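Asker: mind looking at a prediction? Sequence and model below.
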Number of protein chains: 2
Amino acid sequence: MQKNPVQCQFVAALDSIVGKWKPIILYHLLQGKPLRFNELRRLLPGITQRMLTLHLRELEEEDLVKRVIYPQIPPKVEYSITEYGKSLSPILESLHQWGAAHVERKQLKKENDEQ
Amino acid sequence: MQKNPVQCQFVAALDSIVGKWKPIILYHLLQGKPLRFNELRRLLPGITQRMLTLHLRELEEEDLVKRVIYPQIPPKVEYSITEYGKSLSPILESLHQWGAAHVERKQLKKENDEQ
DNA sequence: TGGTATAGTATTAAAAAAGGTACTGTAACG
DNA sequence: CGTTACAGTACCTTTTTTAATACTATACCA
């Protein structure tokens, strides 16, 4: 896809993490407890079923999330983080912290500009 | 933009980093040396002038990159990382490493699948 | 005098991502 | 007997992102 190896590595990492809902899906699953489809949906206000499905499928495809189907009615499907997915934890944690600081910084700047 | 604070923080961080060329622009500028527009362009094979301009403007807007114009002809404009921009360094470094490992893992898997 | 380098902008088109709405089948609950 | 919960899929539209191409002005070099 990319000839430039450095860019390729960034792309590979970001593809796994990026998508409007992916980081927060991973964030919730990284709490450790497996979550059902609709539990996740409730944790992500504003997401549509379609978007949740799409992002979960992509995460599964990359072996970051595991999907377990319980053959019962009504259906039960549990999503959980994989061992490999856990390796993303420090990155997401850093992003989360930097993001929080960035939001605060922006807010301060905005307040200064308003004076 | 986002009501969910956690998501908001991820979004804030990712917005700064994401964009097809942003991480690699930052990566090059994080080497320390200021770079001229066309120097960057040569470092990013495949990027169009427009894309480079757009991404640089966004990075400047977020105070991650500094733009210095030398009023001479032909024009000279230098881009460099800001002090604040340097705070992204550990995140980009982690992304880069994880990405490299992820690429390798995918490659191994592909080779296994082919047998 | 014609070509090259500089750092872009403008306009249009294409591709990718996200969103909206409706629909499925079954069981348990009231 | 109507409603709700479950975990989705199908189809279509909108928004966002990226790309392609042409264009600007000026100076230097041969």
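Answerer: Sure thing, it's come through. Residues are numbered from 1 along each chain as shown, chains lettered A, B, ... in the order given.

Asker: what's around A:S87, how many residues?
Answerer: 15 (other CB atoms under 10 Å in any protein chain shown). C-betas here are computed from N, CA, C, even on glycine.

Asker: nope, A:Q7 is what I meant
Answerer: 21.

Asker: now do the strands in chain A.
Answerer: A:35-36, A:65-70, A:76-81 (DSSP state E).

Asker: and B:P45, which of the ones you listed is closest to it?
Answerer: strand A:65-70 (34.0 Å; CB to CB).

Asker: of the strands of chain A, which is nearest B:G19?
Answerer: strand A:65-70 (25.0 Å).

Asker: OK, contacts around A:M51?
Answerer: A:M51 sits next to A:K20, A:W21 when contact means CB atoms under 8 Å, 6 or more residues apart in numbering or on different chains.

Asker: endpoints of stretch A:31-46, how far apart?
Answerer: 21 Å (CA to CA, to the nearest Å).

Asker: take the strands of chain A and write them to a markdown table, including distance to chain B and mean neighbour count.
Answerer: Below are the strands of chain A laid out as a markdown table (distance: least, CB to the nearest CB, whole Å; neighbours: other CB atoms under 10 Å in any protein chain shown):
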| stretch | distance to chain B | mean neighbour count |
| --- | --- | --- |
| strand A:35-36 | 15 | 16 |
| strand A:65-70 | 15 | 14 |
| strand A:76-81 | 15 | 17 |
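
Asker: including mean pLDDT and distance to A:W98, could those strands go into JSON lines?
Answerer: Formatted as JSON lines, the strands of chain A follow (pLDDT from 0 to 100; distance: least, CB to CB, whole Å):
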{"stretch": "strand A:35-36", "mean pLDDT": "98", "distance to A:W98": "26"}
{"stretch": "strand A:65-70", "mean pLDDT": "97", "distance to A:W98": "24"}
{"stretch": "strand A:76-81", "mean pLDDT": "98", "distance to A:W98": "21"}
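
Asker: which pLDDT value goes with A:E114?
Answerer: A:E114 is assigned a pLDDT of 87 by the prediction.

Asker: same question for A:P71.
Answerer: On the pLDDT scale, A:P71 is placed at 92.

Asker: the longest helix anywhere in chain A to helix B:89-114, inter-axis angle?
Answerer: In chain A, taking DSSP state H as the definition, the longest helix is helix A:89-114. Angle, helix A:89-114 to helix B:89-114, by axes from the mean of the first three to the mean of the last three CA atoms, to 10 degrees: 140 degrees.
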